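Enquirer: next one to model:
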Amino acid sequence: MVNPITILDLLIMLVPLALVAIVYWRWVGKPAEIGMATARMALQLLAMGYFLTFLFGLTSAWVGVAVIIVMLSISAWIALRSSEDRSWATYRRIFIAIGLAGTLNLLLVVFFVMGLKPWFELRAMVPIAGMIYSTGMNSVSLCAERFHAEYSRNCDYIDSRRHAYRASLIPQINSFLAVGLVSLPGMMTGQILAGVSPLEAVRYQIMVMCMVMGTAGLGAAIYLWLCRNNCSSG
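Expert: Alright, predicted model coming up:
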C-alpha cells in the first residue's frame with residue numbers, strides 16, 4: 001500500500017518547479033508566471049476537494065443531472081474558443097455533439113458496465129462524467145478548428161471533413177497505441193496505487209479507453225454531420 005501524502009511531502013515537488021520557474025524567467029522573461037500558475041492550480045484543486053467532499057455527501061438524482069448539465073455546458077463553451085465562428089449556432093452544434101456522444105457513453109458505463117446502484121452515485125459518476133465530457137470537449141474542439149480552417153481554404157466539405165475527423169482522433173489513437181507500452185493511464189495507475197489487483201485495474205482501464213474513444217469519435221462525427229448544411233458541397 002502507498003503511504004498517505006502529507007503537505008511536507010508535497011513541498012518536495014516544489015523543487016523541480018522552482019528549477020522550471022528559474023529557466024522560464026531567464027528564457028521567457030516572466031518570473032512570476034510559473035509561480036502564479038502553481039498557486040492557482042493548488043487553490044483550485046483544494047477548493048475542488050472541499051466541494052467534492054460536500055457533493056459526495058448528497059444523494060439526489062437531480063443533483064447528478066445538474067452536475068452533468070453544468071459539465072456539458074462548460075465543456076461546450078471551452079470547445080467553442082477554438083472555433084473562428086463563435087456564434088450561438090456553433091455553440092449549439094458543439095453542445096449537441098458532446099452531449100449526444102458523451103451521454104451515450106456515460107449511460108452505458110453507469111447502467112450496464114459498472115451497474116451503479118443508485119445510478120446517481122456521485123462518487124463514481126462525477127469522475128466518469130468528467131473524463132467523458134472533457135474528452136468530447138477536446139475532440140470536438142480539434143475537429144471544429146481543423147474543419148473550419150480546411151473549409152475556408154478549399155470549400156470542399158468532404159475533403160475538409162476527412163482531415164478534421166482524422167485530426168480529432170490523433171490523441172486517442174496515439175493513446176491506444178502507447179497504453180501499456182509507453183504509459184500506464186490515470187485510472188489504472190490510481191487503482192494500482194490504491195491496492196487493486198492489476199488485472200482488475202486493467203479491466204477498468206479498458207472500459208475508460210473505450211468510452212473516451214467512443215466519445216471522441218462520435219462527438220467529432222456528430223459535429224461534422226451538423227455542419228454539412230452550412231457547406232455548399234455537403
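Enquirer: point to the residue nearest the middle of the chain.
Expert: The C-alpha lying nearest the average C-alpha coordinate of the chain belongs to S134 (Cα atoms, centre = their mean; 2.2 Å).
Enquirer: can you name every helix or strand that the longest helix seen in the chain contacts?
Expert: Determined from DSSP state H, the single longest helix within the chain is helix 122-154. Packing partners of helix 122-154 (3 or more Cβ pairs under 8 Å, 6 or more residues apart in numbering; DSSP states H and E): helix 33-55, helix 61-80, helix 88-107, helix 157-178, helix 198-227. For glycine as for every other residue, the C-beta is placed from the backbone atoms N, C-alpha and C.
Enquirer: okay if I get those helices as CSV plus mean neighbour count?
Expert: Formatted as CSV, the helices and strands packed on helix 122-154 follow (neighbours: other Cβ atoms under 10 Å):
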stretch, mean neighbour count
helix 33-55, 11
helix 61-80, 17
helix 88-107, 20
helix 157-178, 16
helix 198-227, 20
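Enquirer: quick check: which of these is nearest to E145?
Expert: E145 lies closest, by Cβ to Cβ, to one member of these: helix 157-178, at 8.3 Å.
Enquirer: what angle separates the closest one from helix 122-154?
Expert: Following axes from the mean of the first three to the mean of the last three Cα atoms, to 10 degrees, one obtains 140 degrees for the angle between helix 157-178 and helix 122-154.
Enquirer: with just CA atoms, put helix 157-178 into CSV.
Expert: Output in CSV follows, covering the C-alpha atoms of helix 157-178 (Å, rounded to 0.1, in the frame of the first residue of the first chain):
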residue,chain,number,x,y,z
TYR,A,157,-16.9,19.6,-47.4
ILE,A,158,-15.9,16.0,-47.9
ASP,A,159,-12.2,16.8,-48.0
SER,A,160,-12.4,19.1,-45.0
ARG,A,161,-14.4,16.5,-43.1
ARG,A,162,-11.8,13.8,-43.7
HIS,A,163,-8.9,16.0,-42.5
ALA,A,164,-10.8,17.3,-39.5
TYR,A,165,-12.0,13.8,-38.4
ARG,A,166,-8.5,12.3,-38.6
ALA,A,167,-7.0,15.2,-36.7
SER,A,168,-9.6,15.0,-33.9
LEU,A,169,-8.8,11.3,-33.2
ILE,A,170,-5.0,11.5,-33.3
PRO,A,171,-4.7,11.9,-29.5
GLN,A,172,-6.9,8.9,-28.8
ILE,A,173,-5.3,6.7,-31.4
ASN,A,174,-1.9,7.6,-30.1
SER,A,175,-3.0,6.7,-26.5
PHE,A,176,-4.4,3.4,-27.7
LEU,A,177,-1.1,2.5,-29.4
ALA,A,178,1.0,3.7,-26.4
